[in-house]
Structures are given as structure tokens and as C-alpha cells.
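**Q** Here is my input; please provide its structure:
(2 chains)
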Amino acid sequence: MNRSLVLPIVIPLLTAVLCLLFFRKPQIQRWVSVIGAMALLVVSLWTLRFIWDEGIQAVQIGNWPAPFGITLVADLFSAVMIVLAGVLGLAVAVYSLDSVDAQRQAFGYHPLMHFLLMGVCGAFLTGDLFNLYVWFEVMLMASFVLLALGGERGQMEGAIKYVTLNLLSSAIFLAALGLLYGLAGTLNMADLARKFASSATASSNAIVTALSMLFLGAFGIKAAIFPLFFWLPASYHTPPVAVTALFSGLLTKVGVYSLIRVFTLIFIQEFDYTHTLLLVIAGLTMITGVLGAVAQNEMRRLLSFHIISQIGYPLMGLGIFTPLGLAAAVYFVFHVSLAKSTLFLISGVIGRLRGTFDLKKLGGLYKAQAWLAALFLTAALSLAGLPPSSGFFAKLSLVQAGLGQGQFVIVAISLGVSLLTLFSMIKIWNEVFWKRPPVLEDVDGGEITLQRDWTWLAPILFLVGLTLLISFGIGPAFEIAAQAGRQLMTPQLYIQAVLGGGR
Amino acid sequence: MIIFAVLSGFGLAFLAPAICRWAKERSGWWLAILPFALTLYFFSLLPGLAEGEVQSLALAWSKELGLTFSFRADGLSLAFALLVGGVGALVAVYAGGYFGTKAPVERFYFWLFFFMASMLGVVLADNVILLFVFWELTSLSSFMLIGFEHDRNEARTAAIQALLVTASGGLVMLAGFVLLAQIGGSWELSSLVLRGENVRANPLYLAVLFLILIGAFTKSAQFPFHFWLPNAMQAPTPVSTYLHAATMVKAGVYLLARLYPVLGGTPIWLWAVGGVGAATMVLGGALALSQTDMKRLLAYSTISALGSLVMAIGIGSETALKAMVLFLLAHGLYKGTLFLVTGSVDHESGTRDVRHLGGLRRAMPYTATGSTLAALSMAGVPLFLGFVAKEYLYEAAYKVGALWITLVFLGALLNVLIAFRVGVAPFWLPAPAESGLPKRPHEAPWSMVVGPLVLGALSLILGVFPQVLGSVLVAPALSAAAGERLEVKLAAWHGVNEIFLLSLLTLGLGIGLFAIRNDVQRIAARLALPWGLDTLYQRTLDGLFALASLQTRVLQHGYLRYYLITIIVAVVGITAGGLFRWGGGSLPHLSLDLRFYELGIAIIIVLAGGVAVLSRSRLGAVAALGVAGYGVASIYLLFGAPDLAMTQFLIESLTVVLFVLAFYHLPNFAQLTPKRERMRDVVIALITGGLMTTFVFVAGGIQIHPSISQFFVENSLPLAHGRNIVNVILVDFRGLDTLGEITVLGIAGIGVFALLKLRMDQHPAKGGRPAQAGTKGGKE
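**A** Here you go, the predicted model:
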């Protein structure tokens, strides 16, 4: 079984290569893309199932023993994130079929999307920090080209800012890797964890902590935390909505994943210092993000700022640093990616129906499109954390974890920010669905029906269905998260899976 | 069974649209069947209660989060559940007549029953989180119902205000609940009730108390959060009746009564809960003085009544809690009636302004009857339920002190005035001569008469025979609120004592005020403050928007160079902080074993870097970078990696050539930034470079562990069959990295191709796809 851990990397790679082989036949690429995404989802679910039953799994690539070769490791957290990639990959692959214009599809849209998924899955699976850097590069290049694909002026501006700031992240990451290798002589994560734990002196701890700040900076840029998030609102509203939906669900989450990984496994020597800093950053990220959202009047920009705000929540779970806190972080990441991608997909439908994303120019959709309104309301209220949605349970678990540790300030901030989130969701509802449309201009999108436009609606229904599943099925869903949280807080399990119990 | 009582309501909500399409104008009657059946079911539980038999049920939901699907129907719960079911049935019937078939009535019924089920959930839930879930769902349905006529701006604004106020209270309360469960050691109310001692002794007691109080106060429109309720009158009248008079706004009251055994009985409870309640009671009555709209008058009197209920719980004596339960029922009955009557009057005469209404008794005899019965109960006329309740309230306040009874007296007095202005005057006084009504009034349809008549009649019947209520309903409810088993004997008549005389005085003075109502109204309108909490709410929102856009302008300004500076400064800042903490104490002695040619190369690299920064021409800068690159490659050469060095030389050469080709057509650098900014950039760059250099020295100096590279040296040939270690690492030991890098190159190839060939700006998008934003200029 262990070898099949490579499948979540290989399947998107094969899919992308197949798409490239049919570069001149976009019609075939469309099929390949959807089938590849389905395969990824199936494999990811199977991986999750396997890891749930059997515990953390590792595979040594090329059979070179760790820490000398590259290790792929999947604990429950990784597995959950892979499932997330599979789910969003499939939803966006289908949504892209009609929503992304033919020219973009003819110029490599599909292979790029799968290359992106490959990079994302690689990042979730790798047990080696340099290898993580490589996957970051794959993601960065694929996402940059996807952002720029089409070459519209707005896109180019966004893409330039995106790539510049993310290259800065790569540079910091690479420098940090060099320093880390100098200190510890290895980049295998389990090996690092073991070595740092075995030789803990006050001085070496302090220098490792100082080094961890560079990683915090590098991953923080990827995760779009305060004050490193500028690339995100500068670029996310420029590409086709399908691309934004995929990015919003996966890219920043890779940053969060990496932060959680290294700050639970490797950099835990002085957690009262590092994790308090994380809490401070979490609070500031929540606040600045949500205030940014409140100031927006364009749906995609508004939602983009919310991505930032909601990065603060999993960081809060990490900062609290208890099994429950990390469980909350895992659940939150999964929930928020579903909800946010759904909202972007819905905004795409609205854009198609009304030809604009401007709140001031929209209106009347509650009367005209009751089903769309219901879907929006479900996703939006989930994002805002109204019970009994997944967002509520995510918030509840964070509040429980925070209050249990006496972290009153961050709990207060998180609750206040969730009120503002509700406020801005209500703002969209009010402007887009409730109020009368300002001018009754020609609406060229017309009606949208499930029979004719299933590629637009089916992904939304799929994601909303999943949101409801993890809401009402909070029992089993949170059990997985709780188990993932316990694994994260017990690094020995990870180290053992990679390096073997005997060492 | 209880679980079905709650869930069936949600089922009905989802079926309501289909039922509406099928039953057309009779939908109200059909839809009322379930709430009516539920009411009967709750009644059937009452006899068992008297014998101490409590229905309960618990299903696991999420063990990790302390969440169970647990319900429990004791006396207190059932008292509220009966109101929810009973009034719900009547409102469902009434709404059928009120809306006819023209409004999108199926959406109305959806949210109405959604609310009903949620409200039943609130009063029947045993798990605090489950209670909270339903609590927030009532806020949501309230939002959707207040904004039902969403084409009107006022309705939308009021809906948002109500939601924001109650939801913010709810969030605060959530923190309170979690803390309560953590210090009380249980998520179930039924267990928490038994652990009140521990909770009250805990140092976090005050925090828990205030957090939960804020939730209860926002929901039940207590001062200073009361302002949303009058605005919520933008809702259609059936909604105001059901949510904003009879049931939802009493959720806070329910919660306080429920938690009294856990949190109550302390001095701070008396002043925090009782005090706020009393203040709200008087304030609500006073604010009503200047109003002329029937609905707003009723809204303020509802605030006042909620104040009385909260005050009674604050006092917390047996009499006070008894008064609370009685007043809860009395108020539900009479206020429900009066709201329905208001809806009928508005519907049939076209206005709700009390100054224009009069003489409707002839045109609307049945409505007039219901209205009068309710008004008399509200005014506290003997033989009505309102009278019995008020007697107990007086008695309870009387025992605590003069201040309290004065406040109760004031509140009651003002309510007498409101009762007569809304419930009596429009029917029994002659119509004002100067104003004609917008419509010619006639009696409302049957569906709209049933509700007022039934509720009004109950006010009288239960007032005459309160003993029916005593043991069956009041005693179990009271026992639940007090946390101990209590017997109750009620009587309609307590004999002539001080309290009875006080009641008479209230009534008399109230009628006196009613006689001069127009002067009172004018004076009150003149005295009314120019701004209130409503304005404060608006200013807070405006302030929030201002802050948000200011912050966004400052942070997300659109200039890439400042983004870069911010990020670099932040990362350098935290890293320098980390190094500072470390302090360098144990840095081993660095032996700089430098050869002169090594030093020479280093100097060349540094100089080339300086030239690259200072050069005014692009070509010069690129050439200088090339020199620096060659320098680095020579270092590889010196340290025994000739193959790496070769690669590096090639890459550097190629890069310079490519740059030269690309830059050939570009002009020289322009000096755009002023000197001060450049100095700043120099400083930042020097600090960053200095920090990284220091770090490299440090990391080179302290090696916590030896490198694993020895493995590659030893095993490259025997195991991987390659002499060139670097090559073996690239293609074998770490082949996956290479796969990734090849992929990056492949993607870059697609990117170059697509960017050169595909320009969407020149190929207009296919129809229907929206224009892309952000095409206007340099800003995002």
C-alpha cells in the first residue's frame, strides 16, 4: 500500500501530460481533465480511509532509506488535505468546462490546472523540506501561468505582483533551507525533529527559533498572513472565476499546512515564544482581512479579503497548541476551503447572469433565482459561522480550545471577526439578492437551469452538499480532525513512521 | 417523541411551499394543523409533569465537542412550548388571510415554520450548544422575516440591524456557554442546574454571568440593546405578533429563568438582571409616550413587558418567579391579540395611526371584542389574567423595597395608557372628524378573526379561573426555574389589601393619562432626545466603514515596491528578534582560514553587487550581475565542485546573453525616487544583507548535528553506481526533486507559449462572460 502514496502526485502529472499530448484537441483535454480529477478524488478518499485505519504511512522514494533519500509521509492531516485537493480539483475541473473560455482551454488551461494539483499534493505529502521547496516552485509556476493566461491587462498586473512577492517567499525559503542544513545537516523533517529534540540546549533552541522565523516569513507569504498578504488581494480577482476558486481553496492552504507542519514537528523548542507570536499574527490577520473585506464593493475582491481573514483561524488553533486546537485548525481549513470555493463559484454564476460583480449594480436575485439564493445563503452562513453549519463547529472548537487554555484575547478577536464576517456576507445578500436591481438592463445570461448549465451548478451543489455533510455529520467529521490533531501533537508517531521505531 | 416535535417543524417548513401551491387560499388552515397538534401534544405532557415525570432524550452528535442531541421537556420548557405552538397555529391561520395569495407566501411560511421549529428547539434543548444552535436559527429566521418585504430599504435595514444586534449578543453568549460548561463540568443544562454552587464559587463566575447576560439581553431587547425591536416592526404583522411579541424575544427570558438555579441568587444577579429589567420596563413605557403608530406603541410596550419579566427573574423570589410565569402567559395572550388586531385594522382601514382611528367597533365587531378583552387584560383590570400576574409582580417588588415597587408602578401605569390607546380607542371612541381613513373599514375575514378572539377569550377565562393553571403549568414551570419542587395555588381574588389598592390606583391614573393622551403625546414628542442608541448604532457602522476603507487604503495601496519593503522589514524584524533573543552567547570562535585569492573573489563579488545596484544602465547592471555570478562559480571551483562550477558558468553566461537581448530595446533606468527614499532603501537593504550574513556565520559556526552528506560520498558508487556524487544525488538519491524541477520548466514553456500567442484583449471573450475588472490603470 505504502507505495501508492505517490498516486496523488502521479495522477495529476499523468493527467497533465496526457492533456499536453492532446494539446491541439481541447475537446479531448476536457474529458481527460475531468476523469483525472475524479481519479485523484477517489485515490485521495482511499488514502484517507487507509490512514484512518492504519495510522501514519511513509514511503521512501527510490528505496533510499530516510533521511538520505526523499520520504513521502501521510498522516491524517496530510490525508485530509489531499482529499480537499481532490474535491476542489474535481469541482473546478467540471466548472471550468463552460465557464473558462475556449481560447484559454486551447492554450493549456487543463494541463496547468493539473500541474497545480500535482504541486499541491506533493507539498501535502512530502516529508522533506527541500522537496517541499520544489513543490512550492511547481505550484508557483503553474499558478502564475494560470493567473496570467489570457494576457488581459488586469491579469498581467495582478500576475506580476503575485509572482514577484511569491519569488521573495521562495528566496527566503531557500536561504532558510541553507541555514537549516548548515545547523542540522539534514532536511528530512522527521530527522530534523528527532535531532532537535535529542540535543536541546538553551542556546541551540534559541538559534533554531531564530531560524524558524525565516520559515514563518516564507510560509507566511504563501499563507497570506499579516503583514505579508499583499499579493492575494492584488491578483485573485483578475483571472476567470474557476481559477480563483481553485486558488482560494488550495494555495494559501498549502502555506497554512506548511506552517502547521513545521511548527508542530520541528520548531517546538520554545513554543511559548513562537506560538504566542503565531497567536498575535493570527489575531492581526483576522482583523486586517475582515476590515479589508468590509471596505469592498466587488464580490470577488470582498471574498478575496475574507480568505486572508480566515487564515487567522487555523493559525489560532496552531497558536493554542493543544490537540483540540490543532483539530480545530484541521477542521477549519477543510471547512473554509469548501465554503470559500463555493462562494467564488456562485459569484461566477452571478457574473454570468448579470454581467458584473459589482454589488451596487446587482440586485433582485432572491426573487429571480431562489435556488441560487439558497445555495449562496448556505455557503455564506457557513463561512460566517452560523450554526449548525460547519463554520459554526469550526469556530466552536476553536473557542473551546482557546478558552480551555485561558487565551481570552484571541477568542474575543475571533468572535468579533466572525461577526464582521457575518456582516459582510449579509452585505452581499442584501445587495445582490434582496434589493431591487438598480436598472433593469438587458441580462444576457438569462435563466440558468440545471439541465442546460449543469457544469455551472453541479460543482456548486457538490460542494454545498459536502459542507452540509461535514456540518450535520460533525460527529465523525470532527473525530477525524481530532485524531489528526492528536497525531500532530505527538511528533514521535511521525518520526517513527519515517525513521522506524528502532532508531 | 420530543425530537419529532422539533424536527417536524423543520419538515413542515420544507413542505410548506408545496402545500401552498396545492391548497391555495386555504393554505393557512392546512398549515396550522401541525402547530395545533404540537400544542395538544405539549398539553398531554402536562399531567405527567405534575407527578415529576420529565420527558427527555439524548442522542450522541459529536463527543469531541461536547455536543449531544438532547431534549428535555420540563415545566418551564412546556410553558414556552405551549406559547410557541399555540400562537404559531393561530398566526399560521391569520397569515393565510393577511397575505391572501399575492405575496410570495410560500417563502413566508417556510421561514415562519423554520422559526417555529427553531424556537421549540431553544426551549426544549438540554445541551447548551444545541440550545445555541437553535437560538441562532431563530435570529436567522427573524432576519429573513423582518426583511420579508425586501424591496423596501427600511425593511432590509431593520432586518440587518436586528440580526447584527442579536448575533453579536449570541457570539458573546457562546463564549459564556463554553466557559460555563468548562467550569460546571457538563454541557447539559439538567446537570448544570445541580452544580450551581460550584459555578457561583468559581472565579470565572462573573465573566460567565456577564457574557451570558449580554446574549439574553440582546435577544430580549433589554436596555441598552432594546432599539432593534421597534425597528423590527418593519416585518409583516403576523411576524411581529409571533416573533417579536409572543415568542422569540422571550428566548432571553427563558434562558435567564433556566439558568437561575445555576447563576442566580447572588447580589450581583439581583442588580444586574433585576436592575436592567426594571430600567427596561420603565424606559419601554416612557419611549412609547411619543409614538402614534399602533405597532410601534406595542413594540415599546413589549420592551417594557420583557423588562418586567427580566426584573422578576432578577428578584428571583418564589413570588417573583410565579409572577414571571403568569406574566409570560398573560403577555403572550394579550400582546399576541393586540398585534393581530393591529394587522387587521391596518389591513381593513389602511392606517395604523392611532390619531386617525376611531369608531371601528361597528365595522369590525369581532375584532373589537378580541381587542377589548386583550386591552383590559393588559391594563390589569380585575378578572383578567393580566391582573393576576400584575398582583404577583407588585407583591414580589413590594418585598424587595420601595424603589422596586415604584418602578413597577411606573411601568404598569404606562402600560395602561398604551393598552387603552391601542386596544380600546380605535374601536370605542368616535373617529376624529378631520381625518378620513384611506379605506372604508369592514370586518376582516374569518381567518383573521379567530386568533384575536381565541387569545382574547383565554385572557379572560384564565383570569377568572387561574387555579386551572396553578398546579398544571405554573407549578412545574416555577419548580424548574427555582431549581426546587414548589406547590402553587392561584386565585383570581386576593381580597382587598395594599396591593389591590395599588392596582386600582394604577388603573385609575392610567385612565386619567389616557384622557389627556394627545397632550401627553405632544409633550413627549417634544421632549424626545434628538439621538438615541439607534444613532449610536448607525455611527458605529459608519465608523467601521471609515476604518475599513482607511485601513485598506493604507495596507493594500497597490504599489509593489512598498509591498516588498513591508514584507522584507517584517521578516527581517522577526528574524532579528529571534537572533537577539539568542544573543550570541555560545558562538564558538570562528577561525577565518582565508586564502588571499578567496578574499579577492569575495571582494570582486561585493564590488560587482555594488555596481549592479548603482549602475544607471540596464546593460551595466546585467554585466555586473554576471561578474558576481562568475565569482560565485569560482568559489564552487575552489571548494572542489568543478562540475557545479561549470554548470554555473554556463547559466551565468546564458542569463547575461538573454538579458542583453531582452533589454536591447529598453531605455536606461529612470531616476524616479527621491533621494530620501533611496537612502531608506539602502538602509533596509544593508540591514537585510547584514542580518543574513550574520546568520550564515552563526549557522556555520554552530553545527548542532553533523551533515548526512557523508552517506552520499560513501554510497554513491557502491549502491548507486555513479562516480559523480552531484549527478547521483540529482538523478537517484533525490530524483523526485528533479522530476519537480523538470515539471517547473515544462510549465514555464507552456506559459511562454501561451503568453506570446494568447491575448484575450485582442480576442473578445465569448458572449456572457463578464468584463474583467482592474483594467483601468496602475492601481489594483
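**Q** got a pLDDT number for the nearest residue to residue A:413 once chain neighbours are set aside?
**A** Using Cβ to Cβ, 6 or more residues apart in numbering or on different chains and skipping the chain neighbours, the partner closest in space to residue A:413 is residue A:283 (4.5 Å). Where you see a C-beta, it was placed from the backbone N, CA and C, and this is true even at glycine. Predicted confidence (pLDDT) for residue A:283: 97.
**Q** cool, and the one 5 residues further on?
**A** If you check residue A:288, the pLDDT there is 95.
**Q** What of residue A:487?
**A** At residue A:487, pLDDT is 96.
**Q** Sketch out the low-pLDDT regions of chain B for me.
**A** For chain B, the stretches flagged by pLDDT under 70 are B:103, B:433-435, B:530-531, B:584-592, B:669, B:671, B:761-780.
**Q** Can you list the residue ranges for strands in chain B?
**A** Under the criterion DSSP state E, chain B carries strands at the ranges B:55-62, B:67-73.
**Q** Take the ones you listed and lay them out in JSON lines including distance to residue A:314 and mean neighbour count.
**A** As requested, these are arranged in JSON lines below (distance: least, Cβ to Cβ, whole Å; neighbours: other Cβ atoms under 10 Å in any protein chain shown):
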{"stretch": "strand B:55-62", "distance to residue A:314": "19", "mean neighbour count": "16"}
{"stretch": "strand B:67-73", "distance to residue A:314": "21", "mean neighbour count": "22"}
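**Q** Among these, which comes closest to chain A?
**A** Proximity to chain A, assessed across the strands of chain B by Cβ to the nearest Cβ, is greatest for strand B:55-62 (4.5 Å).
**Q** Only alpha carbons, please: show that closest one as CSV.
**A** Output of strand B:55-62 as CSV, limited to C-alpha atoms (Å, rounded to 0.1, in the frame of the first residue of the first chain):
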residue,chain,number,x,y,z
GLN,B,55,-39.6,13.7,29.0
SER,B,56,-36.1,13.6,27.9
LEU,B,57,-34.0,12.2,25.1
ALA,B,58,-30.3,12.3,24.2
LEU,B,59,-28.5,11.2,21.0
ALA,B,60,-24.8,11.5,20.5
TRP,B,61,-23.7,14.1,18.0
SER,B,62,-20.1,15.0,18.5
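**Q** Each with direction, which strands does that strand pair with?
**A** strand B:67-73 (antiparallel) (DSSP bridges).
**Q** What lies in contact with the strand it pairs with?
**A** A:474-475, B:2-3, B:6, B:42, B:45, B:54-61, B:81, B:124-127, B:129-130, B:187-190 (Cβ atoms under 8 Å, 6 or more residues apart in numbering or on different chains).
**Q** repeat that for 7 Å
**A** Residues outside strand B:67-73 that contact it (Cβ atoms under 7 Å, 6 or more residues apart in numbering or on different chains): A:474, B:2-3, B:6, B:45, B:54-61, B:81, B:124-127, B:129-130, B:187-188, B:190.
**Q** My guess is residue A:410 contacts residue A:284. True?
**A** No. Contact status for residue A:410 versus residue A:284: not in contact, 10.6 Å apart, counting by Cβ atoms under 7 Å.
**Q** Those two: which is more packed in?
**A** Set residue A:410 next to residue A:284 and count neighbours by other Cβ atoms under 10 Å in any protein chain shown: residue A:410 wins out with 25 against 15.
**Q** Which element, helix or strand, includes the more buried one?
**A** helix A:408-428 (DSSP states H and E).
**Q** elements contacting that helix?
**A** Contacts defined by 3 or more Cβ pairs under 7 Å, 6 or more residues apart in numbering or on different chains; DSSP states H and E place helix A:408-428 against helix A:271-294, helix A:299-320, helix A:370-384, helix A:390-404, helix B:153-184.
**Q** Residues in contact with the next helix or strand after it: which ones?
**A** For helix A:408-428, the succeeding helix or strand toward the C-terminus, using DSSP H and E, is helix A:454-472. The contact list for helix A:454-472 (Cβ under 7 Å, 6+ apart) reads A:87, A:91-92, A:94-95, A:97-99, A:334-335, A:338-339, A:341-342, A:345-346, A:349, A:375, A:378-379, A:382, A:388-390, A:393, A:448, A:450, A:477.
**Q** Just the C-alpha atoms of the lowest-mean-pLDDT helix or strand in chain A, please, in PDB.
**A** The helix or strand of chain A with the lowest confidence, counting by mean pLDDT, DSSP states H and E, is helix A:365-368 at a mean of 88. C-alpha atoms of helix A:365-368 as PDB (Å, rounded to 0.1, in the frame of the first residue of the first chain):
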ATOM      1  CA  LEU A 365     -31.700  37.600  -7.400                       C
ATOM      2  CA  TYR A 366     -33.700  36.300  -4.400                       C
ATOM      3  CA  LYS A 367     -36.900  36.700  -6.500                       C
ATOM      4  CA  ALA A 368     -35.300  35.600  -9.700                       C
END
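**Q** elements contacting it?
**A** Against helix A:365-368 (3+ Cβ pairs under 7 Å, 6+ apart) you get helix A:370-384.
**Q** so how far is the helix it packs on from its chain's centroid?
**A** 20 Å (Cα atoms, centre = their mean, to the nearest Å).
**Q** ditto for stretch B:93-107
**A** Distance, centroid of stretch B:93-107 to centroid of chain: 29 Å (Cα atoms, centre = their mean).
**Q** buried ones in it?
**A** B:93-99, B:105, B:107 (16 or more other Cβ atoms under 10 Å in any protein chain shown).
**Q** Can you narrow those residues down to the ones near chain A?
**A** For chain A, no contacts are drawn from those by Cβ under 7 Å from any Cβ of the partner chain.
**Q** can you redo these as JSON lines with distance to residue B:716?
**A** As requested, the buried residues of stretch B:93-107 are exported to JSON lines (distance: Cβ to Cβ, whole Å):
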{"residue": "B:93", "distance to residue B:716": "88"}
{"residue": "B:94", "distance to residue B:716": "88"}
{"residue": "B:95", "distance to residue B:716": "83"}
{"residue": "B:96", "distance to residue B:716": "86"}
{"residue": "B:97", "distance to residue B:716": "90"}
{"residue": "B:98", "distance to residue B:716": "87"}
{"residue": "B:99", "distance to residue B:716": "84"}
{"residue": "B:105", "distance to residue B:716": "80"}
{"residue": "B:107", "distance to residue B:716": "73"}
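**Q** of all the residues you listed, which comes closest to residue A:63?
**A** Nearest to residue A:63 among the buried residues of stretch B:93-107: residue B:107, at 63.2 Å, using Cβ to Cβ.
**Q** Give me the distance between that closest one and residue A:367.
**A** The gap separating residue B:107 from residue A:367 is 10 Å, by Cβ to Cβ, to the nearest Å.
**Q** Now residue A:147: which helix or strand?
**A** Going by DSSP H and E, residue A:147 is in helix A:129-148.
**Q** What about the closest residue to residue A:453 other than its chain neighbours, how many residues nearby?
**A** Excluding the flanking residues, the one nearest residue A:453 by Cβ to Cβ, 6+ apart is residue A:98, at 7.1 Å. Burial measure for residue A:98: 18 neighbouring residues, criterion other Cβ under 10 Å.
**Q** Can you give the contact residues for the helix holding residue A:410?
**A** A:279, A:282-283, A:286-287, A:290, A:293-294, A:299, A:302, A:306, A:309, A:313, A:316, A:359, A:380-381, A:383-386, A:395, A:398-399, A:402-403, B:160, B:163-164, B:167-168, B:171, B:175.
**Q** close enough to count as contact, residue A:237 and residue A:300?
**A** Yes. Using Cβ under 7 Å, residue A:237 is in contact with residue A:300, at 4.0 Å.
**Q** ok, these two, which is more surrounded?
**A** residue A:237 (27 against 23).
**Q** can you map out the helices along the stretch 351-500 of chain B?
**A** Using DSSP state H, counting those that start in this stretch, the helices of the stretch 351-500 of chain B run over B:360-363, B:365-379, B:385-400, B:402-419, B:425-428, B:446-464, B:467-469, B:475-482, B:498-515.
**Q** for the fourth one, which positions count as buried?
**A** In other words, helix B:402-419. Buried residues in helix B:402-419 (16+ other Cβ under 10 Å): B:404-405, B:407-419.
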